[in-house]
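*Asks:* Next input, structure requested:
(one chain, ligands or ions: 2)
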Amino acid sequence: MDIYKDFLKKYLSEKRINHSISTAKLMHKYADDFNIDPEKAYISGILHDIARELTDDEIITLAKKFVMRKVCKINYLKFKLNHPHLLHGVASAELIISELKIRDKEILEAACFHTLGGTHLPNLAKFTFLSDYCEPLRNNPASRKVLKILIKEKNFNKAYFYTYHFLLEYLLHKNKIICPESIEGYNEAILSN
Ligand SMILES: [Fe+2]
Ligand SMILES: [Fe+2]
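*Replies:* Residues are numbered from 1 along each chain as shown. Ligands and ions are numbered 1, 2, ... in the order given. From the prediction side, this is the model:
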């Protein structure tokens, strides 16, 4: 956590700091296997959830600021504004720019898309999406299966696809709303899996 320690402590509970560190370590360790920059992988992992514990109003304000920057297109914005927790990654991207002055587009996109996935994502964003799901502290049967596909089978596309699979399965099982962006991501991922 090193240089990001104070930033994490400012915004997150101990439990979520541990999740962020676990995600960052996983990503840093295996980035090379998938031709991803390990340093960017670490930064994406450690910062992706920085806005996760803010209020809905704070998330909406930050997310709107980020959208105005036009770094990348945020799809289904109206839908997401009605369910502000879905925008915590976009709000994280805004904090990463405004407080840490990190303007790397790939890192910002990785934060933006880690919650729902999406289509035509860069590999760093895909890696953040699936690592957030399968980092070892999650330790549930679905996350363990994705982790095994990633680190034992070394099959990035399959791990990416199964992240959508389990995510959508969970949302259906719990009768929760599903953003069309995740369905589009699933449909794209099934073709390359
Ligand atoms: Fe998150
Ligand atoms: Fe996360």
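*Asks:* Which pLDDT value belongs to the most centrally placed residue in the chain?
*Replies:* The residue lying closest to the centre of the chain (CA atoms, centre = their mean) is His114, at 2.0 Å. His114 is assigned 98 on the pLDDT scale.
*Asks:* now do Met1
*Replies:* For Met1, the predicted pLDDT is 54.
*Asks:* now Ser192
*Replies:* For Ser192, the predicted pLDDT is 89.
*Asks:* residues in contact with it?
*Replies:* With contact set as CB atoms under 8 Å, 6 or more residues apart in numbering, Ser192 has these partners: 157, 161. To be clear about C-beta, it is placed using only N, CA and C from the backbone, and glycine gets the same treatment.
*Asks:* measure it to ligand 2 for me?
*Replies:* 24 Å (CB to the ion, to the nearest Å).
*Asks:* Can you get me a residue count around the nearest residue to Ile177 once chain neighbours are set aside?
*Replies:* Ranked by CB to CB, 6 or more residues apart in numbering and with sequence neighbours excluded, the top spatial neighbour of Ile177 is His83, at 6.1 Å. Neighbour count for His83, taken as other CB atoms under 10 Å: 13.
*Asks:* same deal with Tyr133?
*Replies:* For Tyr133, the count of nearby residues is 24 (other CB under 10 Å).
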